[in-house]
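> Build me a model from this:
(one chain, ligands or ions: 1)
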Amino acid sequence: MRRPAGRAQADRHPNKTADPDKPGLETRRVAVKLLAAVVDAHASLDGLTDPAHGQPGFRALDARDRSLVRAILMSALRHRTTIEALLARRLDRPLPGNARALSHTLHVAAAQILFLDVPDSAAVDLAVAQAKADPRLARFSGLVNGVLRNLIRVKARALPAALAQTREAPDWFAERLEAAYGPEKAAAILAMHRLEPPVDFSVKEDPARWAEALGGIVLPTGSVRVAKLEAGVDTMPGFAEGAWWVQDAAASLPARLLGDVAGKRVADLCAAPGGKTAQLVHAGADVTAVDLSKSRLKRLAENLARLRLDAEIVESDIRKFVPEAPFDAVLLDAPCSSTGTVRRHPDVPWTKAPEDIDKLAALQRALLDHAVTLVRPGGAVVFSNCSLDPAEGEAMLAAFLAETPEAALDPILPGELPGIAAFVSPEGYLRTTPADSLGTTPLMQGLDGFFAARIRRAG
Ligand SMILES: C[S@@+](CC[C@H](N)C(=O)[O-])C[C@H]1O[C@@H](n2cnc3c(N)ncnc32)[C@H](O)[C@@H]1O
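Next up, the predicted model:
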């Protein structure tokens, strides 16, 4: 292993032994464990940090430390390629492949040094203490100290340079984006993935009033956008009375493609946690919300109760769901790779692989094959998901249409989406990406990546 710059100083650092109770040490230990779980075991960050079912070490922390762990992980994953490049430049040779804990310790400390408002000295001291306390890492504690102190010295110059040079994604992900969207748009999408996204709200009534109350703006989709939440959503005006729900502007579009649903029987397939169910019920539909997951349906029921909205809730695999009578309309918001939500879920590119995309596309096809059997002849099925990958969108749908004579594309017309007609493709699909814009001001830049298409069952 290379002698990192600053090694002489590193070997002389004063912490001879590690204090296992050092304030902040457990928080960093948990952060390293969670980073390992995401990067090496491909566990989702939301699952690991779930308040009820998350990683036990995380759940044992107090609320402030849990927030810090989440902030560290969000930065460490959002900027993983940049951090990796900056660390690699401070090492003579790559870390050994089996030194995963060492790599994760360096990444967690670097994320704090480069992107968080944590004193640099605390980030280094805690990483060194952590290394000393871990028998696998103790012999590397000097290296940890040297590399991180070097990073602190050069960061003002080296960070902007690295950000300008680095493609912020694993290669497989960047390559698929380039193949789908071309190098320029792919680079714009990856640039948006570096930014913390704003928060969008779907409001029941009077967007202008709620924009003022929530401190945001009204988007052309009718959603209200707030740049940054200052506190938990449950403390914001209108939460308790159920005036709005959090839903990305792009996620609010698929349900609208069913047109006027007032008085119609509508199936919302793959419904939980219920953002689109709420839209359909609020628009006057008689909704049956179906999902496989008991825990997610519990959240759906809680969300609807807060919003004073009512739907029939069915726990079932879509492929086994057989209603008494066909529906007037069906929305299938299928499970997907979620690559359209990387701004909010920077773990996605590090937990997914191309094989997952193929498997998910096959599942979506099976769900769509069944979904068309649930609508009455002449009725519409809207298929949507939050993937950026055409394998789960345009390509899957083209194969479905070619092989399903009883279904035809009902192209979305640009006039159906006033102010955002640019999101309608020449084929009549809805396609959004984080590089798209809802207007000219900075706050109107970006939305989740979504695909949607409307299909009509032959009459
Ligand atoms: C993208 S999420 C749905 C988001 C939801 N439509 C909304 O707007 O809030 C996908 C959902 O599909 C559900 N799911 C996955 N496979 C399923 C299956 N075979 N049958 C029913 N639901 C399934 C998951 O439990 C998950 O809740």
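> So the residue sitting nearest the centre point of the chain, which state does it fall into?
Nearest to the mean C-alpha position of the chain, by Cα atoms, centre = their mean, lies H345 at 2.8 Å. Following DSSP: H, G, I helix; E, B strand; the rest coil, we place H345 in the coil state.
> residues near the closest residue to it other than its chain neighbours, how many?
In this structure, H345 finds its nearest non-sequential neighbour in S338, 6.2 Å apart by Cβ to Cβ, 6 or more residues apart in numbering. (C-beta placed from N, C-alpha, C; glycine too.) Neighbourhood size, S338 [other Cβ atoms under 10 Å]: 23.
> What residues does S338 make contact with?
Contacts for S338 (Cβ atoms under 8 Å, 6 or more residues apart in numbering) come out as 345, 348, 352, 386-387.
> element containing L61?
Following DSSP states H and E, one finds L61 outside all helices and strands.
> Same question for the one 4 residues further on.
Taking DSSP H and E as the definition, one finds D65 inside helix 63-78.
> Could you identify the helix or strand that succeeds that helix?
helix 80-88.
> helices and strands around the next helix or strand after that next one, which ones?
Per DSSP H and E, the first helix or strand lying C-terminal to helix 80-88 is helix 100-115. Counting contacts by 3 or more Cβ pairs under 8 Å, 6 or more residues apart in numbering; DSSP states H and E, helix 100-115 is packed against helix 25-39, helix 63-78, helix 80-88, helix 120-133, helix 141-165.
> Return the residues of this protein in contact with the ligand.
270-276, 291-293, 296, 317-319, 333, 335 (Cβ under 6 Å from any ligand atom).
> redo that, cut-off 8 Å
Counting by Cβ under 8 Å from any ligand atom, the chain comes close to the ligand at 247, 251, 268-277, 290-293, 296, 300, 316-319, 321, 331, 333-336, 338, 363, 367, 385-386.
> got a list of what L269 touches?
Counting by Cβ under 8 Å, 6+ apart, the residues that L269 touches are 290, 318, 321, 330-334, 367, 371, 374.
> and it, what pLDDT?
In this prediction, L269 carries a pLDDT score of 98.
> Tell me the secondary structure of E196, please.
E196 - assigned by three-state DSSP - is coil.
> Same check on I313?
strand.
> I'd like to know how far it sits from L430.
I313 sits 27 Å away from L430, going by Cβ to Cβ, to the nearest Å.
> out of those two, which sits in the more crowded spot?
The neighbour count for I313 versus L430, taken as other Cβ under 10 Å, is higher for L430 (24 against 20).
> Which phi and psi values does the more buried one adopt?
phi -90, psi 130 (degrees, to the nearest 10).
> Excluding residues flanking it in the chain, which one is nearest whichever residue of the stretch 1-150 of the chain sits closest to the ligand?
At 12.0 Å from the ligand, D46 is the closest residue in the stretch 1-150 of the chain, using Cβ to the nearest ligand atom. Leaving aside its chain neighbours, D46 sits nearest to H345 (7.0 Å; criterion: Cβ to Cβ, 6+ apart).
> Which of the helices and strands packed on helix 100-115 sits closest to V224?
Closest to V224 of those, according to Cβ to Cβ: helix 63-78, at 23.4 Å.
> For that closest one, could you pull out the residues that count as buried?
By neighbour count on 16 or more other Cβ atoms under 10 Å, the buried set for helix 63-78 is 65-66, 68-78.
> As TSV, these with pLDDT would be great.
Formatted as TSV, the buried residues of helix 63-78 follow (pLDDT from 0 to 100):
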residue	pLDDT
D65	97
R66	97
L68	98
V69	98
R70	98
A71	98
I72	98
L73	98
M74	98
S75	98
A76	98
L77	98
R78	98
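> quick one: the residue of the stretch 101-250 of the chain found nearest the ligand from V224, how far?
Proximity of the stretch 101-250 of the chain to the ligand (Cβ to the nearest ligand atom) peaks at Q247, 7.2 Å away. Applying Cβ to Cβ, the value for Q247 to V224 is 10 Å.
> circling back to that earlier point, what about the residue of the stretch 1-150 of the chain closest to the ligand, which helix or strand?
helix 45-48.
> circling back to that earlier point, a markdown table please, covering the helices and strands packed on helix 100-115 and showing distance to P442.
Converted to a markdown table, the helices and strands packed on helix 100-115 look like this (distance: least, Cβ to Cβ, whole Å):
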| stretch | distance to P442 |
| --- | --- |
| helix 25-39 | 30 |
| helix 63-78 | 19 |
| helix 80-88 | 22 |
| helix 120-133 | 29 |
| helix 141-165 | 18 |
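> coming back round to it: contacts for the helix holding D65, please.
26-28, 30-31, 34-35, 38, 45, 49, 58, 61, 83, 107-108, 110-112, 114-116, 118, 168, 193-194, 196, 346-347, 350.
> can we see that at 7 Å?
For helix 63-78, the external contacting residues (Cβ atoms under 7 Å, 6 or more residues apart in numbering) are 27, 30-31, 34-35, 38, 45, 49, 58, 61, 83, 107-108, 111-112, 115-116, 193-194, 346-347, 350.
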